[in-house]
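Undergrad: structural data only, the sequence is not supplied:
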C-alpha cells in the first residue's frame, strides 16, 4: 500500500491507510481495492510534483477524498477526487482515465478540469468558461460540485502558502461562488468553514478581533452552556425523551455578518451561541419545544418551524430564541438525527449509492429542480460571462419564499416581482399575464415580493403577450429569457425588419456604406461565425436583443481591420529602422531617461505602468511618438516575440541625477468605515506627497476600495508613502497598480 500522509483540519496526520480505514465503515472490500488502485495511479502521475507548501502534491487529492469520505460519498466520487488533477496537471489524458476507471469517472474528472489550453481574451473570460463547464457538468451529475467543494475547502485550509494577492482573490471567489453553492446544497459543514477562512484573509483585523472577544468570554460561555444543558436534560428525562444536547458558539463569519448587516458592535450581538438538541423523532421535536418554552420565555417573532416548511436546501429544524438564564437571549435548535445529517451534509445525505450509481429518493427531484434550470441557462446565455451573471442572479442571490393561492411554496431571488413568479409557475402563465394580486390586493407587475406573500396571477386568453418593458421589469434571468424567447418566436418578421434597420444604422454610424457591407455573402459569413442558421435568424436576433448590431459589424469588418493592421505594421517597420538609424535622431528636453547609444531621442513614460526612478525599465519604439518607457515587468511589452515586434524593444536607463515628479497609481483596500478616506489622504499628506487624483467606492463584504494617483520622485519615495498608508487602521493591502 502507498504511504502518502496528509494533514486534517486539526493538524493530525493521516494517509491513504487512514482513508481506507474510514471508508471501510460503509464500503465493500471491492470498493476499497478500487480506491487503492486510483491512489497508486494518481501518486505515480503526480510523482515529483510539489505544492507551494513544499509537500508532495499527492497529499492534496488524498485530503479531498478524506473530506468526501466524511460525507460518506460513493466509491466513484472518492476515485474521482484522487484523480481530479491528473488531466489538468500531469501528462495523463482523459482517454487514459476513461480506459482505466470507466466513463463515469472520466466524466467527473473532465467536469473538474479547467480549460487551460484554449486561448481567451482575458483571465476573467477564461474563469467564467471554467465555471460554466463545471456547472453544466454539475447539472448532469451532482458529484462534480461535491468534489469541487471538497477541493476548494482543502485549498482554503492551505491558503497560507499562497501570495497575499492570491489569498485575497481566492478568498473573495470562495465567498462569491463556492459558499453560495454549499448553502444551496445545504452543506453547512463545508460552508461555515470556508466562510470563516475567507474572512480571515479578506478582513483579518475583524476576524482576529471577533475571535479574541469570543475567547475572552469562553469560560463564562462554558459555564452558561453547562447550566442550560443541565436544566434541559433534567426536564427531558422527566418527560421520557432521549436527546443529545450540545452547545456551540456561532461561527465567526455569521457574527461578522450580523455586525455589518445590522451595523452593530460585538457587545450588541447577544445570541453568540446556540443550544442544539437532537432527538429520535418529529413528535419528540415538538414536545421538546414545549419544554423549552416552559423553562424560559420565548422572544416574540424568533420562532421558525423549518420542519413543517423546510428550506429550499432541504434543511429541517425547529428554531426558537428564549430569554435564558441571567436574561441572556439564547437560540435553541431542535431536530432529529436524520435532519442533523442533512444540516451538515445537505444533498449528500439524500442520495443512496447502489453499484456506483446515484439514486435520488423521496421528493428529491422536486427539491433540486434548479439543476435543470442551470442547463436552460447554459443554452440561452450568449457567452460565459452572461451565464455566470444569470447564475449569480438566480441561484446565488438571497431568496424570498412566496405562496401560490393553493399554499404551494415558490422560491425566487430576492427583489423578484410578480412577473418572475408568473414565469416560474409556467411559461404560458407568464406570457398571458395581465395583472397580479398580492395578499388579495391588486398590485403592479413591478411590485417587490417579500417572504410570506400570497401571489395570484391574473391571466387572459386574449392577451397580446409580453410587453417589451417586461424584460426590464423582470428581475430573474429565467423570466427575462422566457420573455425574449416569446419575442423571438412570435414576432419573427417584425424582428427581422427591425434587425436590418438596426444593422444599417450601426454601419452608417461607423461611416460605412450599408449597401456595400450588407451583401448576402458577407452576411452569411458573419451569421455562420455566430452559429446562426441563416441571415434571417441573425437579423431576428438583432431585432429582439439576442445579439447587438455592433457585434455583427465587428465580424463584417474583421477582414478590413486585419488589412489595415498589416499596413500599419509595414509603416511601423519603416519607422523602427528610421529611429534606430544614427542619422535620424529627434531631440527633446531631458526626461530623466536616455536610450543607450543614442542622445536626445524623443521619450515618454507609458501610462500603463508609470515607471519611476529606481524601477527596472525598457524602451519600446512607437509609431510617430518616439520611444515609450515601460517598467520591465509591464505586460504590454512583447518580450521574446519574433519579427518586427521584438525589434522594437530597446535598452534605456535612468540618468544619474533626476529632479522631477512621476505619476504613480496606488490601490488601497480596507474595511469600509467612516473617516477611512480622510485618514488615508492625511497619511499621504504627512509624507509631503502631492495627490493628483482620488476615487473611492464600497465593494462587497463591507470593503472599501480607494484609488489614488500620487506624484513620486523615486522608488524610495514611493515605498515610504506605501508604508505610511499601511499604518492607517483597518488597511488590508496597498498595491501599486498598472492600468
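TA: In hand now; what should we look at? Just so it is clear, the structure is predicted and the values come from calculations on it, not from any experiment.
Undergrad: the residue nearest to residue 728 when sequence neighbours are not counted sits in which helix or strand?
TA: Spatially, and ignoring its direct neighbours in sequence, residue 728 is nearest to residue 679 (4.9 Å; C-beta to C-beta, 6 or more residues apart in numbering). No exception for glycine: its C-beta is placed from N, CA and C like everyone else's. Using DSSP states H and E, residue 679 maps to helix 676-686.
Undergrad: and the next helix-or-strand element following that helix, average pLDDT?
TA: Following the chain from helix 676-686 toward its C-terminal end, the next helix or strand by DSSP H and E is strand 691-699. Summarised as a single mean, pLDDT over strand 691-699 is 82.
Undergrad: distance check, the residue nearest to residue 728 against residue 696.
TA: Residue 679 sits 12 Å away from residue 696, going by C-beta to C-beta, to the nearest Å.
Undergrad: hey, where'd the helices end up in the stretch 501-650 of the chain?
TA: Secondary structure of the stretch 501-650 of the chain (DSSP state H, counting those that start in this stretch): helices at 514-517, 520-529, 535-544, 549-556, 558-580, 644-647.
Undergrad: that should have said the stretch 51-200 of the chain, apologies.
TA: Assigned by DSSP H, counting those that start in this stretch, the helices in the stretch 51-200 of the chain fall at 59-70, 75-83, 86-89, 94-101, 103-111, 123-140, 143-157, 164-173, 179-184, 188-202.
Undergrad: lowest-confidence stretch among the ones you listed?
TA: Looking over those, mean pLDDT reaches its minimum on helix 123-140, with a mean of 56.
Undergrad: how confident was the prediction at the most centrally placed residue in the chain?
TA: Centroid-nearest residue in the chain, with C-alpha atoms, centre = their mean: residue 177, separated by 3.1 Å. pLDDT for residue 177: 79.
Undergrad: gap between it and residue 199?
TA: Plainly put, residue 177 is 16 Å away from residue 199 if you go by C-beta to C-beta.
Undergrad: ok, now residue 506?
TA: For residue 506, the distance to residue 199 equals 47 Å [C-beta to C-beta].
Undergrad: do the same with residue 288
TA: Distance check for residue 288 against residue 199: by C-beta to C-beta, it reads 33 Å.
Undergrad: and residue 733, that's in a strand?
TA: Yes. Secondary structure of residue 733, determined by DSSP: H, G, I helix; E, B strand; the rest coil: located in a strand.
Undergrad: for the helix holding residue 679, buried residues please.
TA: Buried residues in helix 676-686, counted by 16 or more other C-beta atoms under 10 Å: 676, 677, 679, 680, 681, 683, 684.
Undergrad: was I right about the fourth one contacting residue 731?
TA: Just to be clear, that refers to residue 680. Yes. Between residue 680 and residue 731 there is a contact at 7.4 Å, judged by C-beta atoms under 8 Å.
Undergrad: please enumerate the shared neighbours of those two.
TA: Taking C-beta atoms under 8 Å, 6 or more residues apart in numbering as the contact criterion, the residues that touch both residue 680 and residue 731 are 668, 670, 725.
Undergrad: and of the residues you listed, the nearest to residue 522?
TA: Closest approach between the shared contacts of residue 680 and residue 731 and residue 522, by C-beta to C-beta: residue 668, at 49.6 Å.
Undergrad: pull the number of nearby residues for that closest one.
TA: Other residues near residue 668 number 24, with proximity taken as other C-beta atoms under 10 Å.
Undergrad: in what helix or strand does it lie?
TA: Per DSSP H and E, the secondary structure element for residue 668 is strand 662-671.
Undergrad: so what strands line up beside that strand?
TA: Strand pairing for strand 662-671, using DSSP bridges, gives strand 703-712 (antiparallel), strand 731-736 (antiparallel).
Undergrad: buried residues in the shortest one?
TA: I take that to be strand 731-736. If you call a residue buried by 16+ other C-beta under 10 Å, then strand 731-736 has these buried ones: 731, 732, 734, 736.
Undergrad: cool, stretch 524-538 as well?
TA: Buried positions in stretch 524-538, judged by neighbour count with 16+ other C-beta under 10 Å: 526, 527, 532, 535, 536, 537, 538.
Undergrad: average pLDDT across that stretch?
TA: 81.
Undergrad: can you get me the start-to-end distance on that stretch?
TA: End-to-end distance of stretch 524-538 (C-alpha to C-alpha, to the nearest Å): 9 Å.
Undergrad: so residue 400 is in which element?
TA: Taking DSSP H and E as the definition, one finds residue 400 inside strand 399-403.
Undergrad: ok, back up a step: what angle do the strand holding residue 668 and helix 676-686 make?
TA: For the pair strand 662-671 and helix 676-686, the angle between their directions (axes from the mean of the first three to the mean of the last three C-alpha atoms, to 10 degrees) equals 140 degrees.
Undergrad: could we number from 28 for the rest of this?
TA: Yes, from this point I'll number from 28; that puts the last item at strand 689-698.
Undergrad: how far away from the center of its chain is the strand or helix carrying residue 253?
TA: With secondary structure defined by DSSP H and E, residue 253 is part of helix 245-266. For helix 245-266, the gap between its own C-alpha mean and the chain's C-alpha mean amounts to 41 Å (C-alpha atoms, centre = their mean, to the nearest Å).
Undergrad: so who does residue 749 touch?
TA: 693, 761, 763.
Undergrad: before we move on, the earlier item: which pair in the buried residues of stretch 551-565 spans the largest distance?
TA: The distance between the two most remote of the buried residues of stretch 551-565 (C-beta to C-beta) is 13.1 Å, for 553 and 563.
Undergrad: check contacts around the closest residue to residue 353 other than its chain neighbours.
TA: Counting by C-beta to C-beta, 6+ apart, residue 353 lies nearest to residue 251, which is 7.6 Å off, once chain neighbours are set aside. Contacts for residue 251 were tallied using C-beta under 8 Å, 6+ apart; they are 274, 300, 351, 352, 353, 355.
Undergrad: what about these, which one has the most neighbours?
TA: Each of the contacts of residue 251 was scored by neighbour count (other C-beta under 10 Å); the top score is that of residue 351, with 23 neighbours.
Undergrad: now that one: how far from residue 302?
TA: From residue 351 over to residue 302 (counting by C-beta to C-beta), the distance is 9 Å.
Undergrad: what sits in contact with each of these two?
TA: Both residue 351 and residue 302 are contacted by 255, 357, under the criterion C-beta under 8 Å, 6+ apart.
Undergrad: which strands and helices sit next to the strand holding residue 427?
TA: strand 436-440 (3 or more C-beta pairs under 8 Å, 6 or more residues apart in numbering; DSSP states H and E).
Undergrad: so for the strand it packs on, what gets flagged as buried?
TA: Of all the residues in strand 436-440, those buried under the rule 16+ other C-beta under 10 Å are 437, 438, 439, 440.
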